[in-house]
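Colleague: Quick one, fold the following:
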Amino acid sequence: MRYVLAICLVLWASAPLAQETAIQGVISDQIARFQADDVEGAFEHASPGIRRLFGTAERFGAMVRQGYPMVWRPGEVRYLNLREIGGALWQKVLIRDRAGRTHLLDYQMVEGENGWKINAVQVLEAPGAAV
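Modeller: Just a heads-up that it's a prediction; the model follows:
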């Protein structure tokens, strides 16, 4: 009985880690695709609502290039905490751009039938960070 309980506890504890790993993988892949100028591939990681809002990968890519240049060509990406706010999952990401400026971003993630998708990105103000 203790063996079964131990297995259940391990599985229960590993579920959030697997979720966090999957979410970070989606964000990392989207950033990698931006760096490779693969806008179509990056657009695949957007939620259905974001895809409807922009309509095409080209318009989505133009928005990211203009509004989020630190995401388009980051120097360093570091994942901070994943948390639930109002029923939504938000992944905090610290990005250092190629000029060395630090930016703090929050990615809202939604899970669909094809896995995790990015539903929103907010630039947060942080002490010592360029926004």
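Colleague: After the worst-scoring helix or strand of the chain on mean pLDDT, heading C-terminal, what element do we hit next?
Modeller: When the helices and strands of the chain are scored by mean pLDDT, DSSP states H and E, helix 2-35 comes last with a mean of 78. With elements assigned by DSSP states H and E, the helix or strand that comes after helix 2-35 is helix 39-43.
Colleague: Just give me the residue closest to the centre of the chain.
Modeller: Against the mean C-alpha coordinate of the chain, by C-alpha atoms, centre = their mean, the closest residue is residue 27 at 3.6 Å.
Colleague: Excluding covalently adjacent residues, which one is nearest to it?
Modeller: Of all residues not flanking residue 27 in the chain, residue 107 sits nearest, at 5.7 Å (C-beta to C-beta, 6 or more residues apart in numbering). No exception for glycine: its C-beta is placed from N, CA and C like everyone else's.
Colleague: so what's that neighbour up against?
Modeller: Neighbour list for residue 107: 23, 27, 90-93, 118, 120-121 [criterion: C-beta atoms under 8 Å, 6 or more residues apart in numbering].
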